[in-house]
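Undergrad: Here is my input, please return the structure:
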Amino acid sequence: MPSDSLLKNNYEILHDTGKTLCFVTTGSLSRLVYTALTLSRQSRLISFEEAKNLDDFDRYQYICLTSDIRLKQDVVDFLESQHCDFFSVIHKSNSLHDKIGRGTFVNGYNQGMLGDRSRIGNHCVIATHSLLSHDCVIDDFCHVSSFAFLASCHLQPGCCLGTRVSVFYDLYTEQIQVIPKYTNIISGSMITKPIIASGTYVGNRKISSETSLNKRIV
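TA: Modelled structure (predicted):
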């Protein structure tokens, strides 16, 4: 059963066009947010296959909530080809309300967004209890799991971070830490050195050339 806090619907909608909300993909994250928002808004939860067979795309505004980066990109590419609108969802407990893109979900109790460069892109997920600070830039299609600590870093598109990942500025050059696109960082990792190539990392060590496009870590 959903928790009491979920049933109270502590979420707000950004980039709202007023259309019916449509959640594409039916995993646990989609179901959680759909369950909350359907209490106050007309909503629909469908699979990607069902979305492909819609004949009234303009009736809805859309969001895709999954940690499967390749699937999310496929869903978004398809919906964009149909000229669809995307909405974002943010939990009301956050201090993160500005500079958030479309199709993005920011769950509860996240803090930060200090600095003029700070922003969260389109079609991202930021889970709970994370700190994003000091010019932190999160590009499109990134997934940040709970209890992350991100300071002076730039996540390029499609990065996926496990639980309790910390990413600091480059301690050697004191420059923004740039994480290459589609990089996976395994839960519990601390990144303090430059990452040159995309892949899957435990701490500063690359353990595989597989990326978030072909390897799921959350």
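Undergrad: tell me the phi and psi of the nearest residue to residue 127 once chain neighbours are set aside?
TA: Among residues not flanking residue 127 along the chain, residue 146 sits closest, at 4.1 Å (C-beta to C-beta, 6 or more residues apart in numbering). Quick note: C-beta positions are derived from backbone N, CA and C, even for glycine. Torsion angles at residue 146 (phi, psi; degrees, to the nearest 10) stand at phi -60, psi 150.
Undergrad: so what's residue 146 up against?
TA: 127, 128, 129, 130, 163, 164 (C-beta atoms under 8 Å, 6 or more residues apart in numbering).
Undergrad: So which elements touch the lengthiest helix in the chain?
TA: Secondary structure of the chain read by DSSP state H shows that its longest helix is helix 69-81. Secondary-structure packing of helix 69-81 (3 or more C-beta pairs under 8 Å, 6 or more residues apart in numbering; DSSP states H and E): helix 48-52, strand 60-64.
Undergrad: List of residues touching the first one?
TA: By C-beta under 8 Å, 6+ apart, the residues outside helix 48-52 that reach it are 22, 24, 25, 71, 74, 75, 78, 79.
Undergrad: Tell me the one of those nearest residue 216?
TA: residue 71 (9.4 Å; C-beta to C-beta).
Undergrad: what's the closest one in contact with, if anything?
TA: Counting by C-beta under 8 Å, 6+ apart, residue 71 has contacts 25, 48, 64.
Undergrad: where does the first one land on pLDDT?
TA: Translated: residue 25. At residue 25, the model reports a pLDDT of 98.
Undergrad: The residue nearest to it when sequence neighbours are not counted: neighbour count?
TA: Distances taken as C-beta to C-beta, 6+ apart put residue 66 closest to residue 25, at 4.8 Å, once the chain neighbours are dropped. Other residues near residue 66 come to 20 when the count uses other C-beta atoms under 10 Å.
Undergrad: what's near enough to touch residue 66?
TA: Here residue 66 is in contact with 25, 27, 29, 30, 72 (C-beta under 8 Å, 6+ apart).
Undergrad: need the helices for the protein, in chain order.
TA: 4-7, 28-37, 48-52, 69-81.
Undergrad: Show me where this structure dips below the pLDDT cut-off.
TA: Across the chain, the ranges flagged by pLDDT under 70 are 1-8, 96-97, 113-115, 171.
Undergrad: re earlier: with neighbour count and distance to residue 180 as added columns, please give the contacts of residue 66 in CSV.
TA: What follows is these, written out as CSV (neighbours: other C-beta atoms under 10 Å; distance: C-beta to C-beta, whole Å):
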residue, neighbour count, distance to residue 180
25, 20, 26
27, 15, 26
29, 19, 25
30, 20, 28
72, 25, 18
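Undergrad: measure the spatially most central residue of the chain to residue 133 for me?
TA: Among the residues of the chain, residue 125 comes closest to the average C-alpha position under C-alpha atoms, centre = their mean, at 1.6 Å. For residue 125, the distance to residue 133 (C-beta to C-beta, to the nearest Å) stands at 19 Å.
Undergrad: measure stretch 17-36 end to end?
TA: End-to-end distance for stretch 17-36: 19 Å, by C-alpha to C-alpha, to the nearest Å.
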